[in-house]
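Colleague: Dropping a prediction and its sequence here:
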Amino acid sequence: MYELADRFKLPILTFIDTPGAYPGIGAEERGQSEAIGAALAALASARVPIIASIIGEGGSGGALALGVANRVVVLEFGCYSVISPEGCAAILWKDGNRTEEAARCLRMTAPELLSLKVIDEVVEEPPGGAHQDPDGMARRLEAVISRHLAELDRLSPDQLADDRYAKFRAMGAYSGA
């Protein structure tokens, strides 16, 4: 599918709302990690604009597979992380009761992600959340996506791929004293 968008020079828009990939043996036996890796590779090499919108929860490999984009936006009350707080607490402390602490440590809320430069924009939700006014939320998200597409349309195919590469290479870089 990504290859078709690339071939026909169409932008790729992904909408992410998943707690993540299931970590069980059965999922691995069915090729889950290979599918995630193939999606990552296809998005990384695409030469068209890619915008990922996290419209709820963006968790683990399921979200990461759709999040290799030139621009990543998150709804105001959305979250995005490489692991769920439950999984993090279980791995770090072997204690499922420390989920809230894990969530704080993960810094997975939209404002925190913006401050860490993991995402490019927080999209304000209607009062009470996106589910209170789906049509209004869709219009807001459409305006944000359209604005980012207009900016990305100025880049050549090589520049688009380089932009994505630079974006992801810069994540996690530390430049402190």
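Modeller: Good, I have the coordinates.
Colleague: The helix or strand hosting residue 54 - contacts with which helices or strands?
Modeller: Counting by DSSP states H and E, the element that carries residue 54 is strand 50-59. Packing partners of strand 50-59 (3 or more CB pairs under 8 Å, 6 or more residues apart in numbering; DSSP states H and E): strand 12-18, strand 71-75, strand 79-81, helix 134-152. No exception for glycine: its C-beta is placed from N, CA and C like everyone else's.
Colleague: just checking, what packs against the next helix or strand after that strand?
Modeller: Following strand 50-59 in sequence order, the next helix or strand is helix 60-64 (DSSP H and E). When contacts are defined as 3+ CB pairs under 8 Å, 6+ apart, helix 60-64 sits against strand 12-18, helix 32-45.
Colleague: Tell me which of the ones you listed sits most buried.
Modeller: strand 12-18 (a mean of 18; mean count of other CB atoms under 10 Å).
Colleague: which other helices and strands contact it?
Modeller: Right, strand 12-18 is packed against strand 50-59, helix 60-64 by 3+ CB pairs under 8 Å, 6+ apart.
Colleague: which ones are touching the residue sitting nearest the centre point of the chain?
Modeller: The residue lying closest to the centre of the chain (CA atoms, centre = their mean) is residue 67, at 3.7 Å. Neighbouring residues of residue 67 by CB atoms under 8 Å, 6 or more residues apart in numbering: 14, 16, 52, 54, 58, 80.
Colleague: next one: residue 6
Modeller: So residue 6 contacts 46-48 (CB under 8 Å, 6+ apart).
Colleague: Please apply the same query to residue 57.
Modeller: With CB under 8 Å, 6+ apart, residue 57 has these contacts: 17-19, 63, 78-79.
Colleague: who does it bridge with?
Modeller: Applying DSSP bridges to residue 57 gives these bridge partners: residue 79.
Colleague: how close does it get to residue 95?
Modeller: Separation of residue 57 from residue 95 (CB to CB, to the nearest Å): 22 Å.
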